[in-house]
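K.L.:
test case, fold it:
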Amino acid sequence: MNSQTFLKNCLEEAAKIANENFGKVSGTIKESDNNQVLTETDLAIGKFLVNKVKETYPDYNIIDEEAGVVDNGSDFTWVIDPIDGTSNFANGVPTYGIMMGLLEKETPIAGGIALPFFNQIAIAEKGKGTFINGERVFVTEEKHLINTLVSYGIDGHQENPQMTKDELQILERIILGIRNLRTSNSAFDNIMVATGKYGGFVNQSCKIWDNVAPDIITKEAGGVYTDFWGKPMDYSDPLTKTNQIYTFCSASPELHKQLQEIIYATDGKT
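P.N.:
Numbering: from 1, shown residues only. Coordinates of the predicted model:
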């Protein structure tokens, strides 16, 4: 089975599980991070997707946000986020998603995102474009950041309030450089960039499973996907990076440049 068919089948079934439970569950806060919420649906979808990978790609490695790491010594690794935006899901907010990405060594080569509430599934494979429900999509052609909506995902850092204060200084400059700010802080925002509805999506506090699928989906839609500071994403030795904090800056090529100018600005001046 090719990866696109596999992704489509898995995400369709996982979306059914999510839709059946949406609005009927509550979440618990993870002890390790009060910004992170877990529901029984996360566990059910994660178990389903991990089992599907084991059945279809038994020799591949797996990283699942909830189940952890399966190390088969392979060059290929499936990276799974059962529900991205669990806080939204647990509170009955429909902007959440299900994500699966495939790495060959450190390179994303395929990925999929389901938005269950919206009945949308995005699939991308390296060199073959990004498609949502079978229709090819592209990032925006808008050349001026000031004319766009941009999403910024931000968590509070109660353990280090200065981190949040410093981040808000950058966020302030971004807000002054765009039309309006949006922030579901979930896979929904990734899809809004890939379909050209948002100019960009930025985050300074996420994990590897928040990135692999959106990375290839954005790039295959014609966008740029880097870390927050414009450097290439580092997925090398992925099985060792489950605790690493990742950042990203996702946008169309022209708008990515403009976001980077803002991020690197000093006192509001480039």
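K.L.:
can we go C-alpha only for contacts and neighbour counts from here?
P.N.:
Noted.
K.L.:
max-length helix in the protein?
P.N.:
helix 3-21 (DSSP state H).
K.L.:
I'd like to know which elements the helix or strand containing Asp166 is packed against.
P.N.:
Using DSSP states H and E, Asp166 sits within helix 161-176. Where contact means 3 or more C-alpha pairs under 8 Å, 6 or more residues apart in numbering; DSSP states H and E, helix 161-176 is packed against helix 253-263.
K.L.:
which positions in the helix it packs on come out as buried?
P.N.:
253-256, 258-263 (16 or more other C-alpha atoms under 10 Å).
K.L.:
related to what we said a few turns ago, what's next to the helix holding Asp166, contact-wise?
P.N.:
Contact with helix 161-176 is made by 152, 155-157, 181, 259, 262-263, 268, as judged by C-alpha atoms under 8 Å, 6 or more residues apart in numbering.
K.L.:
of all the residues you listed, which two lie farthest apart?
P.N.:
Farthest pair in those (C-alpha to C-alpha) is His157 and Gly268. Separation: 24.2 Å.
K.L.:
thinking again about what came up before, the helix holding Asp166: which residues count as buried?
P.N.:
170-171, 173-175.
K.L.:
helix/strand/coil for Asp81?
P.N.:
In three-state terms, and counting by DSSP: H, G, I helix; E, B strand; the rest coil, Asp81 is strand.
K.L.:
that one: neighbour count?
P.N.:
Neighbourhood size, Asp81 [other C-alpha atoms under 10 Å]: 28.
K.L.:
what sits against the nearest residue to it once chain neighbours are set aside?
P.N.:
Among residues not flanking Asp81 along the chain, Met99 sits closest, at 5.1 Å (C-alpha to C-alpha, 6 or more residues apart in numbering). Going by C-alpha under 8 Å, 6+ apart, Met99 touches 80-84, 111-114, 187, 209-210, 213.
K.L.:
Cys249: which of those is nearest?
P.N.:
Asp210 (12.4 Å).
K.L.:
separation between that closest one and Leu176?
P.N.:
The gap separating Asp210 from Leu176 is 27 Å, by C-alpha to C-alpha, to the nearest Å.
K.L.:
give me the domain ranges for this protein.
P.N.:
In terms of domains, the chain is parsed into 3-136, 145-263 (source: automatic domain parsing).
K.L.:
about what we covered before: gap between the residue nearest to Asp81 and Lys8?
P.N.:
Relative to Lys8, and taking C-alpha to C-alpha, Met99 is found at 11 Å.
K.L.:
what about stretch 60-80, average pLDDT?
P.N.:
If you average the pLDDT over stretch 60-80, you get 95.
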